[in-house]
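Asks: 3D model of this:
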Amino acid sequence: MTDYPPGTDAIKINFLRRNRIIAGIGRATILVESKVRGGGMMTARLAVSYGRDVFALPGRMDDPASQGCNMLIRENLAEPVGEMGEFMARLGLGLARMATKEDFKGEVKAFYEGKAEGSLLDDAVSMAREIKARRGISLDELCIKLGWDFGRTSQVAAMLECDGFIEIDLLQHCSAAVRRN
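Replies: Below is the predicted model of the structure:
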């Protein structure tokens, strides 16, 4: 991923421009090892400035390759990566003992039958189907995909979120909520 044309030499100065793009398009940045100064630290700090989630793998205090990660955690710029299952859930990837319901659309339909009017029930089911099929779909993308205006889309999304079926992040991306089995 770069804004340089094909064939451009891989020189150190170009890496920072590339990392600016990577920090911008990712939903989260995970720093595994980094010295206090370096490209990984620059990328993590850019991700923070873009409002992205930043995670860092803590390491030994005396290991120079861990000092950058430890610093980001200490400065509350990154959340520590600890237990893998918990970390995966925080990324929205679920745990082995946690998952979205297999029949997500059916669960939504069963919940709203008798509680929502016909068109609202159909809208909730349609939106649930799209969100289940495309984790991370934005509200704007849902408007286009479903052919609805933003008011209708946000109303149905808010209803699904309030009832615990979906989660909407700060960037307005939707995903099926993780539930305990």
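Asks: okay, which residue is most central for the protein?
Replies: The central residue of the chain, meaning the one whose C-alpha is nearest the mean C-alpha position (Cα atoms, centre = their mean), is Arg27 at 4.6 Å.
Asks: residue contacts, it?
Replies: For Arg27, the residues meeting the contact criterion (Cβ atoms under 8 Å, 6 or more residues apart in numbering) are Arg52, Asp53, Gly136, Asp169, Leu171, His173. Glycine gets a C-beta too; all of them are placed from N, C-alpha and C.
Asks: Angles on the backbone of it, please.
Replies: The phi and psi values for Arg27, taken as degrees, to the nearest 10, are phi -80, psi -20.
Asks: So it versus Ala110, what's the distance?
Replies: 31 Å (Cβ to Cβ, to the nearest Å).
Asks: which one among the contacts of Arg27 gets closest to Met84?
Replies: Taking Cβ to Cβ as the measure, Asp53 is the one of the contacts of Arg27 closest to Met84, at 16.4 Å.
Asks: helices or strands up against the longest helix along the chain?
Replies: Ranked by residue count under DSSP state H, the longest helix found in the chain is helix 118-133. With contacts taken as 3 or more Cβ pairs under 8 Å, 6 or more residues apart in numbering; DSSP states H and E, helix 118-133 sits against helix 104-112, helix 139-146, helix 150-162, strand 173-176.
Asks: what pairs with the next helix or strand after the third one, and is each one parallel or antiparallel?
Replies: Going down the chain from helix 150-162, the next helix or strand is strand 166-168, by DSSP states H and E. In the sheet containing strand 166-168, its partner strands are strand 173-176 (antiparallel), by DSSP bridges.
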